[in-house]
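J.: Okay, structure incoming, though there's no sequence with it:
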């Protein structure tokens, strides 16, 4: 097979690798999905009639995108998550739910079990623990989820046992149970494990940096006896530690899968060179274990603006007016083009990112005041609620209902949390709240891991293709309390020469104060 023109040398090396297990370290904008789908297409040529490539993703959207790319390469496909002839593409949860349905007689699950949405579990918790407060119930649910995703507790506590009995009594399993019960099945039933490995001699995993201990254990079982594992991802974009993901699993790939090879994709086709340089400086301060630098293949000039507002409301108004300038009337457009030398933009070209959903209140008010159309990522509890009868078709409906996504084909500004922005790209990106206590998050009752917070900020920065605005407010109202925050320490990691300030001002970003010198948050 001759190297296609739309693959660079590093991508082609990953596509054609034949030396056993493979980990592809792929930075943002390096063609991760493009490379993986080419590799899957190539692997299908090595299959017997009754074999498939198993392509595992973390979201239904990613599975659909992979299916579409493979269709473009001429492979016969069905709906993502359904046997498509030469490959099966779907989420970990969808694959494990299908496995449990097929092997139900070898499990301890209720007959015709139903999968409960997270929102349903929250509602049922009132009946499970009637004497607990809402906060205590939430804490119990989070503890149980962590136990299931990390396998830490060999002797579950009373809350775990009460929860387990209640769900099973109603014929229910939760999302964590889907993976956990599939792992128990494969660990305890050699016949089921052997049959699965025969059916899927090649396993490919997208976004490998997001796996947790249970998913890693599943992959280790599935990749025995000659099965070849291909994993692709970026440890610098590991941002789901609060859900149990472990970035250390990425770094120990060759220990878990002996004989594995590590290859790198570092040619970035998304961001302007100065934006890529700035994001590289931020992530470089976090002690990168994979010491490779991204190389920009886009040669247009980008613009990085730092804006310091007096309040969160004035911050939101600034963002709304900047959006208006980029897509507004003819006079505004001519001024914008003259100032920046870029073509006008549409609303769909822009995203406003924030650390906490509570930050979007001011943003929505400012956008609505100017009549700017927008769409916001849903907050917890906005997904579907209905219980579904236990069947493969119903599983499909439930697993999609748990993952509401926005329509990026409409001409609206996207309002997203930094977590929700992962995997997306926009010509213009605003990151709001670039302040102490928000980035990195350190608010009463909510404290993020500092290195993961750095990676989260990096993810936000690398969504931008041409314009990146980093904004902050000196005073902010959040959860009904006033905050007086200095700039985020991450801003100080970016060279001053890469930053532009409004009205020609060049303010030195002061480094974060020592803890004993910081102002009190509330």
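T.: Done, it's in. It should be emphasised that the depicted structure is a prediction, and the values quoted were computed from it without experimental measurement.

J.: Can you tell me the element residue 410 falls in?
T.: Per DSSP states H and E, residue 410 falls between elements, in no helix or strand.

J.: Count the neighbours of residue 123 for me.
T.: Residues lying near residue 123 (other Cβ atoms under 10 Å) number 12. (Each C-beta comes from the backbone N, C-alpha and C, glycine too.)

J.: Could you do the one 4 residues further on as well?
T.: Number of residues near residue 127 (other Cβ under 10 Å) recorded here: 9.

J.: surely it meets residue 166?
T.: Yes. At 7.3 Å, residue 127 counts as touching residue 166 under the criterion of Cβ atoms under 8 Å.

J.: what about stretch 150-159, how long is it end to end?
T.: End-to-end distance of stretch 150-159: 17 Å, with Cα to Cα, to the nearest Å as the criterion.

J.: Give me the mean pLDDT for that stretch.
T.: Stretch 150-159 shows a mean pLDDT of 73.

J.: ok, now stretch 204-211?
T.: 96.

J.: That stretch: how far from the chain's middle?
T.: Taking Cα atoms, centre = their mean, to the nearest Å, one finds stretch 204-211 lying 11 Å from the centre of the chain it belongs to.

J.: where along the stretch 1-150 of the chain do the helices fall?
T.: 9-15, 32-43, 60-72, 92-102, 118-128, 134-150 (DSSP state H, counting those that start in this stretch).

J.: mean pLDDT for those helices: which is lowest?
T.: Within the helices of the stretch 1-150 of the chain, the stretch with the lowest mean pLDDT is helix 60-72, showing a mean of 85.

J.: Can you name every helix or strand that that one contacts?
T.: Using 3 or more Cβ pairs under 8 Å, 6 or more residues apart in numbering; DSSP states H and E, the elements in contact with helix 60-72 are helix 32-43, strand 53-57, strand 87-91.

J.: Take the ones you listed and write them to a markdown table, including distance to residue 413 and mean neighbour count.
T.: Shown next, in a markdown table, are the helices and strands packed on helix 60-72 (distance: least, Cβ to Cβ, whole Å; neighbours: other Cβ atoms under 10 Å):
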| stretch | distance to residue 413 | mean neighbour count |
| --- | --- | --- |
| helix 32-43 | 25 | 22 |
| strand 53-57 | 27 | 26 |
| strand 87-91 | 28 | 26 |
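
J.: Out of these, the one nearest residue 19 is which?
T.: Of all those, helix 32-43 sits nearest to residue 19, with 13.1 Å by Cβ to Cβ.

J.: How about stretch 2-13, which residues are buried there?
T.: Within stretch 2-13, the residues that count as buried by 16 or more other Cβ atoms under 10 Å are 7-8, 10-13.

J.: For my notes, please list the helices of the stretch 1-150 of the chain in JSON lines and give distance to residue 218 for each entry.
T.: Listed next are the helices of the stretch 1-150 of the chain as JSON lines, based on distance: least, Cβ to Cβ, whole Å:
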{"stretch": "helix 9-15", "distance to residue 218": "23"}
{"stretch": "helix 32-43", "distance to residue 218": "19"}
{"stretch": "helix 60-72", "distance to residue 218": "17"}
{"stretch": "helix 92-102", "distance to residue 218": "7"}
{"stretch": "helix 118-128", "distance to residue 218": "21"}
{"stretch": "helix 134-150", "distance to residue 218": "12"}
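
J.: how about those helices, which one is nearest residue 231?
T.: Residue 231 sits nearest to helix 32-43 of all these, at 9.6 Å, using Cβ to Cβ.

J.: so that closest one versus helix 60-72, what angle?
T.: 50 degrees (axes from the mean of the first three to the mean of the last three Cα atoms, to 10 degrees).

J.: From the chain's centroid, how far away is helix 32-43?
T.: Distance of helix 32-43 from the chain centroid (Cα atoms, centre = their mean) equals 20 Å.

J.: before we move on, what about stretch 55-62?
T.: Computed by Cα atoms, centre = their mean, the chain-centroid distance of stretch 55-62 equals 11 Å.

J.: outside of it, which residues touch it?
T.: Residues outside stretch 55-62 that contact it (Cβ atoms under 8 Å, 6 or more residues apart in numbering) are 33, 36, 40, 63, 66, 80-81, 87-92, 94-95, 203-207, 210, 399-400, 403, 405, 423.

J.: switch to 7 Å and redo it
T.: With contacts defined as Cβ atoms under 7 Å, 6 or more residues apart in numbering, stretch 55-62 is touched by 40, 63, 66, 80, 87-92, 95, 203-207, 210, 400, 403, 405.

J.: With stretch 169-180 instead?
T.: Residues from elsewhere that reach stretch 169-180 (Cβ under 7 Å, 6+ apart): 92-93, 96-97, 109-110, 112-116, 118, 121, 145, 148-149, 167, 181, 214-215, 218.

J.: Endpoints of it, how far apart?
T.: 18 Å.

J.: Which residues belonging to that stretch are considered buried?
T.: Across stretch 169-180, burial judged by 16+ other Cβ under 10 Å covers 172-180.

J.: What mean pLDDT does that stretch get?
T.: In this model, stretch 169-180 carries a mean pLDDT of 93.

J.: Could you find the closest non-adjacent residue to residue 145?
T.: Nearest residue to residue 145 in three dimensions, chain neighbours excluded: residue 176, at 5.3 Å (Cβ to Cβ, 6 or more residues apart in numbering).

J.: scratch that, residue 422 is what I was asking about
T.: Of all residues not flanking residue 422 in the chain, residue 459 sits nearest, at 5.3 Å (Cβ to Cβ, 6+ apart).

J.: max-length strand in this protein?
T.: strand 464-478 (DSSP state E).

J.: Run through the neighbouring helices and strands of that one.
T.: Other helices and strands packing on strand 464-478, by 3 or more Cβ pairs under 7 Å, 6 or more residues apart in numbering; DSSP states H and E, are strand 303-311, helix 312-327, strand 426-431, strand 481-484.

J.: closest to residue 270 out of the ones you listed?
T.: Of all the helices and strands packed on strand 464-478, strand 426-431 sits nearest to residue 270, with 10.0 Å by Cβ to Cβ.

J.: all strands of the stretch 201-350 of the chain, in order?
T.: Ranges of strands in the stretch 201-350 of the chain, per DSSP state E, counting those that start in this stretch, are 202-205, 228-233, 261-265, 267-268, 295-296, 303-311, 350-354.

J.: any idea which of those strands is most buried?
T.: Among these, strand 350-354 has the highest mean neighbour count (mean count of other Cβ atoms under 10 Å), at a mean of 26.

J.: Now tell me what touches the helix or strand just after that strand from outside.
T.: Moving toward the C-terminus from strand 350-354, the next helix or strand (DSSP H and E) is helix 360-369. Residues from elsewhere that reach helix 360-369 (Cβ under 7 Å, 6+ apart): 312-313, 316-317, 319-320, 352, 354, 374, 376, 413, 415.

J.: Going by neighbour count, which of those comes out on top?
T.: Neighbour counts for those peak at residue 352, which has 29 neighbours (criterion: other Cβ under 10 Å).

J.: Touching, that residue and residue 415? I think so.
T.: Yes. Using Cβ atoms under 7 Å, residue 352 makes contact with residue 415 at a distance of 5.2 Å.

J.: Okay, and the residue nearest to residue 145 sits in which element?
T.: Take DSSP H and E as the rule and residue 176 turns out to sit in helix 175-188.

J.: Can you tell me which helices and strands the next helix or strand after that helix packs against?
T.: Next helix or strand after helix 175-188 toward the C-terminus (DSSP H and E): helix 190-199. Judged by 3+ Cβ pairs under 7 Å, 6+ apart, helix 190-199 is in contact with helix 175-188, helix 213-222.

J.: could you dump those to a markdown table with distance to residue 491?
T.: Listed next are the helices and strands packed on helix 190-199 as a markdown table, based on distance: least, Cβ to Cβ, whole Å:
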| stretch | distance to residue 491 |
| --- | --- |
| helix 175-188 | 37 |
| helix 213-222 | 35 |
